[in-house]
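[1] My questions are about this predicted structure, shown below with the sequence.
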Amino acid sequence: MENDSFARIAAFLARSKPPMNHLDQKITEMQDRTAVLHRQRDAARLERAKSYADAFIRKLEADDIPLAVGLKAFQDLSKFSHERSTSSPQSLPAGS
């Protein structure tokens, strides 16, 4: 008997679920558009990175610089640049 009442209540709740209103639909549409824009932005960043990498490799080849040497120099420069950009003025020695 008790299970029957739970089943009837569950069926009633399932039928009485309000349909998605206009505002909910608009929010969902905006979230979907935002997701698409994020994917497009990420794809554009990847394409740009590939383009920069290709140009860097072509430049190394044109200057007869071995790829391993050029990549090591790039890594060192990137590491140095990152360390400099994360240094706050408070952490720098006086007079810097």
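    Received it, and whenever you're ready, just let me know what you need. Residues are numbered from 1 along each chain as shown.
[2] and the closest residue in space to Pro66 that isn't next to it in sequence, how many neighbours does it have?
    In space, not counting the residues next to it along the chain, Pro66 is nearest to Leu60; the distance is 7.7 Å by CB to CB, 6 or more residues apart in numbering. For every residue, glycine as well, the C-beta is placed using N, CA and C. Counted with other CB atoms under 10 Å, the burial measure for Leu60 works out to 18 neighbours.
[3] Could you do Asp42 as well?
    Here the neighbour count serves as a burial measure; for Asp42 (other CB under 10 Å) it reads 10.
[4] What helices and strands are in contact with the helix or strand encompassing Arg45?
    Assessed by DSSP states H and E, Arg45 sits inside helix 22-62. In terms of contacts (3 or more CB pairs under 8 Å, 6 or more residues apart in numbering; DSSP states H and E), helix 22-62 is packed against helix 67-86.
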